[in-house]
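A.B. asks: 3D model of this:
(one chain, ligands or ions: 2)
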Amino acid sequence: MNTPFVLAVSNRKGGSGKSTSAVNLAAEWANRGSRVLVVDLDTQGHAGFGLGITPDKGAPTAHDIFRDPTLDISDAIVPCTWANLWCAPADFLFEGTDERRDPGLLASQLRRPELAAKFDIVILDTPPSLDQLLVNAMSAADGVLIPMLPHALSAEGVKQLSRLFYRIATTSNPGLKLIGLLPIMYNPRLKHHQSVVGDIVRQFGAERVMRGIRVDTKLAEAFAARKPIRYFAPRSHGALDYFLLADELAQMWGWRKGGAKDTGAQVQQKVS
Ligand SMILES: Nc1ncnc2c1ncn2[C@@H]1O[C@H](COP(=O)(O)OP(=O)(O)OP(=O)(O)O)[C@@H](O)[C@H]1O
Ligand SMILES: [Mg+2]
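C.D. replies: Residues are numbered from 1 along each chain as shown. Ligands and ions are numbered 1, 2, ... in the order given. Okay, here's the model as predicted:
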């Protein structure tokens, strides 16, 4: 049986574009025909919010399994308005995991055959912290994508995350791959951005540094409107950048399922 590809979108630095990337990549791949589940592991609940999910009071959440491992994360999964897209929303009231909790809790939940049969891709939106939730996400993931602002101060967050990545990849989850670093609000004409991205390329290799997402206030507006950018402002730079990123990643990993509804060239035409 095929198991879904599990992608953790992580950076311990706050406001680096994790939730925006999780929501918009999910929408891109869902539109291309993959069945995509977003698991919102951040108690801020931004991924669920951006996908238009308003959980009923007392409804199951993604965090329930960390309180009671006998619960089933599938009970928390709800469909989004758009085809092929589901979300397990966060619990806003969740107050941290017991450090002794099994780091493999989430991994074993995602491997359950009933869940694995339903999805092609699982995207984990992770909190801006180095806690058991992040360890669980890394332990469950096949790959990690690190969105980062191209500022000097971002380097420390990336360093901390890569230390955790190597610890988990050399112990409990040897299949874990660093998919790439994704410059967010990137302007290749700015010397400072060039220099930060240049450092990252030297450190991680050019093949691991994605082309990046430009500044686009439409991305923030789409989030406030609780829609992925492709449905909120399909002709925006943000929509084009996430469209191209989804293709870049899909090609890297051979994820593409079904046919894309529109090609990169068609989107370019719409945008220009
Ligand atoms: N390319 C972009 N251009 C303009 N604004 C952006 C862009 N990407 C993200 N934003 C905005 O930046 C803010 C932070 O983004 P986001 O919430 O995705 O970061 P995060 O890493 O998930 O934050 P947190 O660590 O708090 O979970 C949001 O208001 C979002 O709308
Ligand atoms: Mg977030």
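A.B. asks: so, low pLDDT: which residues of the stretch 151-272 of the chain?
C.D. replies: The stretch 151-272 of the chain contains residues with pLDDT under 70 at 254-272.
A.B. asks: break down the protein into its strands, ranges please.
C.D. replies: Remark: strands assigned in the chain by DSSP state E are 5-9, 36-40, 78-79, 85-88, 121-125, 143-148, 177-183.
A.B. asks: of all those, which one is nearest Pro234?
C.D. replies: In terms of C-beta to C-beta, the element of the strands of the chain nearest to Pro234 is strand 85-88, at 16.1 Å. Where you see a C-beta, it was placed from the backbone N, CA and C, and this is true even at glycine.
A.B. asks: residues contacting Lys159?
C.D. replies: Contact partners of Lys159, counting by C-beta atoms under 8 Å, 6 or more residues apart in numbering, are absent.
A.B. asks: apply 10 Å and report the result again.
C.D. replies: Lys159 makes contact with Arg12, Gln203 under the criterion C-beta atoms under 10 Å, 6 or more residues apart in numbering.
A.B. asks: same list (the strands of the chain) but as CSV, adding mean neighbour count and distance to Lys18.
C.D. replies: CSV is the format used below for these (neighbours: other C-beta atoms under 10 Å; distance: least, C-beta to C-beta, whole Å):
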stretch, mean neighbour count, distance to Lys18
strand 5-9, 26, 5
strand 36-40, 29, 11
strand 78-79, 14, 21
strand 85-88, 25, 15
strand 121-125, 27, 6
strand 143-148, 25, 6
strand 177-183, 22, 10
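A.B. asks: turn these into JSON lines, columns for distance to ligand 1.
C.D. replies: Listed next are the strands of the chain as JSON lines, based on distance: least, C-beta to the nearest ligand atom, whole Å:
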{"stretch": "strand 5-9", "distance to ligand 1": "8"}
{"stretch": "strand 36-40", "distance to ligand 1": "10"}
{"stretch": "strand 78-79", "distance to ligand 1": "20"}
{"stretch": "strand 85-88", "distance to ligand 1": "15"}
{"stretch": "strand 121-125", "distance to ligand 1": "7"}
{"stretch": "strand 143-148", "distance to ligand 1": "6"}
{"stretch": "strand 177-183", "distance to ligand 1": "10"}
